[in-house]
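1. model the following, please.
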Amino acid sequence: MPSLKLSNPFRRADGRPSLKDRAASLKASAARVIRRQPADPVFSAIERYHAAREVGDAFSKRFEVEGAEALGGWDVASEEDLRLAHIWSDLATEVLETAPTTEAGRLALAAFIETWVDGHGNLDGSPQDGSDTVFAEVYPALLKALRASVPVRD
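-> Next comes the predicted model:
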């Protein structure tokens, strides 16, 4: 009867790192994760804003293309459109109230504000003026971001 030649299932294949090498690699990866600073909160706020804005824009597009009747009637569709607009408006306020904790976060907030202000101008392209405008909301956010970038002195 021919003999079966079974290979050792615990033998490492050629070219694979040893257990010691894999442990060292895992330890180095864990150290990098532990040293990593927590994410800047402004990034998640901006991300949530953009996600909500996309949902609102998609619904508005459906409202425009399909008509109110396809979305449950004028009252239902209008109410949903308004609800979605309130959500992304509240998230814009959240972004503006979030103090960035990193230089990248401050730059992201500045870019968000630039885009946001650009979307709130007058129909002729000129910026809004007066205290009841978008500028009254973005100025405190910019000031907070600048103050976060300067070390506190005693």
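2. going by C-alpha atoms from here, please, whenever you check contacts or count neighbours.
-> Noted.
3. who are the contact partners of the nearest residue to His50 once chain neighbours are set aside?
-> Leaving out its chain neighbours, the residue that sits closest to His50 by Cα to Cα, 6 or more residues apart in numbering is Trp88, at 7.9 Å. By Cα atoms under 8 Å, 6 or more residues apart in numbering, Trp88 lies in contact with 49-50, 52-53, 56.
4. if you set the cut-off to 10 Å instead, what comes out?
-> Trp88 sits next to 48-56, 94 when contact means Cα atoms under 10 Å, 6 or more residues apart in numbering.
5. of those residues, which belong to helices?
-> Secondary structure from DSSP state H places 48-56, 94 of the contacts of Trp88 in helices.
6. from those, pick the one nearest Ala141.
-> Compare each of those with Ala141 using Cα to Cα and the shortest gap goes to Glu94, at 10.1 Å.
7. that closest one is in contact with Pro100, isn't it?
-> No. Using Cα atoms under 10 Å, Glu94 and Pro100 do not qualify as a contacting pair, with a distance of 11.9 Å.
8. give me the more crowded residue out of the two.
-> Looking at Glu94 and Pro100 with other Cα atoms under 10 Å, you find the greater number of neighbours at Pro100, namely 27 against 16.
9. which residue ranges of this protein form helices?
-> Going by DSSP H, the chain shows helices at 19-35, 41-66, 74-97, 103-118, 134-149.
10. could you dump these to a markdown table with mean pLDDT?
-> Listed next are those as a markdown table, based on pLDDT from 0 to 100:
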| stretch | mean pLDDT |
| --- | --- |
| helix 19-35 | 69 |
| helix 41-66 | 92 |
| helix 74-97 | 90 |
| helix 103-118 | 82 |
| helix 134-149 | 70 |
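11. quick one: Gly15 from Ala110, how far?
-> 49 Å (Cα to Cα, to the nearest Å).
12. okay, these two: which has more neighbours?
-> The neighbour comparison of Gly15 against Ala110 (other Cα under 10 Å) goes to Ala110, with 17 against 6.
13. quick check: closest non-adjacent residue to that one.
-> Counting by Cα to Cα, 6+ apart, the residue nearest Ala110 is Leu142, at 7.2 Å.
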